[in-house]
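# Turn this into a model:
(chains A and B)
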Amino acid sequence: MAGVNGDADGAPLSPAAASVALDGVGKTYSGDGDGGSVRALDDVSFSVADGEFVCLVGPSGCGKTTLFRIVAGLTEATDGRVLLDGTEVTGPTTDMGVVFQEYHLFPWLTVAENVGFGLERSDRSPDEREARVEEMLDLVGLTEFRDAYPKSLSGGMKQRVAIARSLAVDPDLLLMDEPFGAVDAQTREMLQRELLDVWASTGKTVLFVTHDVAEAVTLADRVVVMAAEPGRVREVVDVDVERPRERGDAAFAEYVGRVRELIGAGP
Amino acid sequence: MATETASPVGEDEALAGIGLGDGRRLLRGAAGVVGFLAVWYAVSLTQDPFVLPSPVAVAGAFASELAAGDMTAALLQSVSHWVPGTMAGTGLGVAAGVAFGWSRLLDDLTAPLVRTLRPVPPLALIGFAIAWFGINDWGAAFIIAVGAFWINFYAAYGAVEGVSEDLLDVGRTLGVRGDLDAVRSIVLPASMPGILTGIRTGLGRCWMLVVASEIFGVPGVGREIIRASNNLRVDRAIAYILVLSLMYLLVDVAFRAVERRALAWRA
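So this is what the prediction gives:
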C-alpha cells in the first residue's frame, strides 16, 4: 500500500507525517437506481498529528459516524482516502483501537477475556498476554471485576472495559465514536478525566467523535467542526486552554460559544 | 482510577422470589395432576376399558410390563434409534444452519431446495428409510434424524442471522480475519442461546418421532404403543406413552441444566 505521496524512500511528506490524515474523503449513498443518491460526506480533509487529541463535532446528520466508520476501515469511502502513518487504510486494522458508543462488549466473555480478545490474535506469548490484560485492567481500575460478565456492569464500567480492550493491542490511534454518550452526566465527566489521564500516560493519538460541544472543548487540542448536507469540514478550532480545563473558566466558555456558533451557522 | 459501584444484580432477592414462586407452582402443579387423575378415574367408571381404562389399570399395566422386562427392552431399542438419530440430525442441522445463515452464497444456492424439502414431514420419508436403510434401527434413526435436522437447521440459521453486525465490526477492529475466525470467535458464541434452544426443542421432538419411526415395524416403545392400540389394550398403550413422556422430561431437565451453565453469561 502506498502512502499519500507514495515515496519509495519511505520519507512521507507533511500530511503523511501526521498519525492520521484524511484526504478529500467523500461518501455518496446511491439510491435505488432512480437517481435518489445522497451525498453524506464531501471532500473532508484534515489531519491529526502524532499524539494529538482531536475532537470531531457537528450537527446531527453531518456524517460524523460515517466518517468515523470510514477512518476505522469499516465503511468504504466513495472518494479520497484515509492515511494512517502514511499508509492508506483499506480495512479494519489493529493499529487503531476503536471504541463505540454502545460499548459492544462480547457478552459471553468475562471482563478479562474481553480485554484479552485482540491479544489472542497477536504473536505475544500467553504470559505476555496475561500481563498485558492485568496492566489494562489496572489502567481502567477494573482489576477486581476481571471475572465478571458484562451484564453485571454499569454503563461507565462497560465503557472502561471497551477502552481497555481497544488499548490492549497497543494501537497507534484511539478512535472513539461518542463513547460517553450513553452514560449519565456525572459518569461522563469522570470518564472524560480518566480518558485524559490515559491519553497523557500512553501518548496515543486520539480522534474522538461527539455531539457534545463542552465535551469537545474539555478534551481536545483541536476541534474539527463539521457542517451538514453534505457533511464537510466547516472550520478547525485550536483550543488554547491549559488542562485541566474548568467549565466555569471564561476562556472555556468562549470556545464553547464559538464552536456552537459555527455549528449553528446553517449551511 | 475511580470506580463507581456496579449496579448489583439483587441475587438474594431474585433467588428468594424464584424459591417462593417455585414452591407455589409445584403445589399448583400437583393439585392439577391430582384433579386430572380424579376426573379421569370418574369418567373411566362409565366407560369400557378399551375406550378409557382407569388410571389404576394403567398403573397396573405399567408395573406388569416393567416387571416382565418388556418395557425396558422396548425402551433400550427406542433409545438405540433416538441417540444416533438425534445426534446426527442435531449435528448436521446446526452445522448447516450456521453455514447457510453465515454465507450468503450458500444460502442463495440452497434456498429453493430448502424451501421445497422443508414441508416434507419425516413420516413421509418412510419409503426412503426402508429403501436406504431397511426395516431396522438405522431406518428408524433416519426418520428421527430428519426431524431433528430441520428444527436445528432453522434455529441455528435464525440465530446466526441475528448476530449483531456491531459485534462483528468490533471483532474486525481487534484483528478477526476471515470467515472461520469470525464464526468461531463471534458468530458461534453469540448465537449459542438460539442454537441451544433449537437443540432442546429437537431433543423433545425426537421422542415424539420415536413413534413415527417405528410405525413400519422396527421394535421399540413406539411399536409397543401401536401394537397395544391395535389390540385395544389402551392401558398398555398409555403405559408406553408414559415411558416416552418420562424420557422427554428426563432429557429436558438434564439439558436445561447444561444450558443454564453454558449460558451463565446471559442477563
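# Only the buried residues of stretch B:55-70, if you could.
B:Pro55, B:Ala57, B:Val58, B:Ala61, B:Phe62, B:Glu65 (16 or more other Cβ atoms under 10 Å in any protein chain shown). The way it works is simple: take the backbone N, C-alpha and C, and place the C-beta from them, glycine included.
# try stretch B:127-135
Result for stretch B:127-135 [16+ other Cβ under 10 Å]: buried residues B:Ala129, B:Ile130, B:Phe133.
# Could you export the residues you listed as CSV, including pLDDT?
Output for the buried residues of stretch B:127-135, formatted as CSV (pLDDT from 0 to 100):
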residue, pLDDT
B:Ala129, 88
B:Ile130, 88
B:Phe133, 91
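# mind putting those residues in CSV, distance to B:Asp181 and secondary structure included?
Shown next, in CSV, are the buried residues of stretch B:127-135 (distance: Cβ to Cβ, whole Å; DSSP: H, G, I helix; E, B strand; the rest coil):
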residue, distance to B:Asp181, secondary structure
B:Ala129, 39, helix
B:Ile130, 44, helix
B:Phe133, 38, helix
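# re earlier: which two of the buried residues of stretch B:55-70 have the greatest separation?
Farthest-apart pair in these is B:Pro55 and B:Glu65; separation 15.5 Å (Cβ to Cβ).
# In helices, which of the buried residues of stretch B:55-70 appear?
In helices, defined here by DSSP state H, the members of the buried residues of stretch B:55-70 are B:Pro55, B:Ala57, B:Val58, B:Ala61, B:Phe62, B:Glu65.
# re earlier: quick one: which of the buried residues of stretch B:55-70 is nearest chain A?
B:Phe62 (43.7 Å; Cβ to the nearest Cβ).
# Which neighbours in the sheet does the helix or strand encompassing A:Val237 have, and how are they oriented?
For A:Val237, the enclosing helix or strand under DSSP states H and E is strand A:232-238. As defined by DSSP bridges, the strand partners of strand A:232-238 come to strand A:222-227 (antiparallel).
# Could you pull out the strands in the stretch 51-200 of chain A for me?
A:53-57, A:79-84, A:87-88, A:96-99, A:173-177 (DSSP state E, counting those that start in this stretch).
# For those, give me JSON lines that also has mean neighbour count.
Compiled in JSON lines, the strands of the stretch 51-200 of chain A are given as follows (neighbours: other Cβ atoms under 10 Å in any protein chain shown):
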{"stretch": "strand A:53-57", "mean neighbour count": "25"}
{"stretch": "strand A:79-84", "mean neighbour count": "19"}
{"stretch": "strand A:87-88", "mean neighbour count": "16"}
{"stretch": "strand A:96-99", "mean neighbour count": "26"}
{"stretch": "strand A:173-177", "mean neighbour count": "24"}
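# which one of those lies closest to chain B?
strand A:96-99 (4.1 Å).
# Within the sheet, what are the partner strands of that closest one, with directions?
Here, using DSSP bridges, strand A:96-99 pairs with strand A:173-177 (parallel).
# where does the stretch 1-150 of chain A dip in pLDDT?
Residues of the stretch 1-150 of chain A meeting the criterion pLDDT under 70: A:1-18, A:32-35.
# Could you rerun that using 80?
Low-confidence segments of the stretch 1-150 of chain A (pLDDT under 80): A:1-18, A:31-36.
# quick one, helices of it?
A:14-17, A:64-72, A:111-116, A:126-139 (DSSP state H, counting those that start in this stretch).
# Look up the closest residue to B:Val43, ignoring the ones flanking it.
B:Leu52 (6.2 Å; Cβ to Cβ, 6 or more residues apart in numbering or on different chains).
# Buried residues of the lowest-mean-pLDDT helix or strand in chain B, list them for me.
Within chain B, no helix or strand scores below helix B:11-45, which has a mean of 80 by mean pLDDT, DSSP states H and E. Within helix B:11-45, the residues that count as buried by 16+ other Cβ under 10 Å are B:Ser44.
# Can you give me the domain boundaries for chain B?
B:17-46, B:50-262 (automatic domain parsing).
# out of those domains, nearest to A:Thr205?
It is, among these and with distance given as Cβ to Cβ, domain B:50-262, at 15.6 Å.
# what's the spacing between that closest one and its chain's center?
How far domain B:50-262 lies from its chain's middle: 5 Å, per Cα atoms, centre = their mean, to the nearest Å.
# Quick one: end-to-end distance for it.
By Cα to Cα, to the nearest Å, the extent of domain B:50-262 from end to end equals 47 Å.
# go on, stretch B:175-186?
12 Å.
# quick one: is that stretch near chain A?
Yes. Stretch B:175-186 lies within reach of chain A by Cβ under 8 Å from any Cβ of the partner chain, at B:Gly175, B:Val176, B:Arg177, B:Asp181, B:Ser185, B:Ile186.
# and the first one, how far is that from A:Gly118?
Think B:Gly175. 5 Å (Cβ to Cβ, to the nearest Å).
# Comparing these two, which shows the higher neighbour count?
More crowded of B:Gly175 and A:Gly118, by other Cβ atoms under 10 Å in any protein chain shown: A:Gly118, with 25 against 18.
# Quick check: pLDDT value at the residue nearest to the more buried one when sequence neighbours are not counted.
With sequence-adjacent residues excluded and distances taken as Cβ to Cβ, 6+ apart, A:Gly118 is closest to B:Leu174, at 3.6 Å. With respect to pLDDT, B:Leu174 scores 95.
# shouldn't B:Leu174 be in contact with A:Val169?
Yes. Contact criterion Cβ atoms under 8 Å: B:Leu174 and A:Val169 qualify, at 6.7 Å.
# Let me see the contact set for B:Gly60.
B:Asp235 (Cβ atoms under 8 Å, 6 or more residues apart in numbering or on different chains).
# rerun at 10 Å
B:Pro53, B:Ser54, B:Asp235, B:Arg236, B:Ala239 (Cβ atoms under 10 Å, 6 or more residues apart in numbering or on different chains).
# Okay, B:Val33 and chain A: tell me how far apart.
Per Cβ to the nearest Cβ, to the nearest Å, B:Val33 is found 36 Å from chain A.
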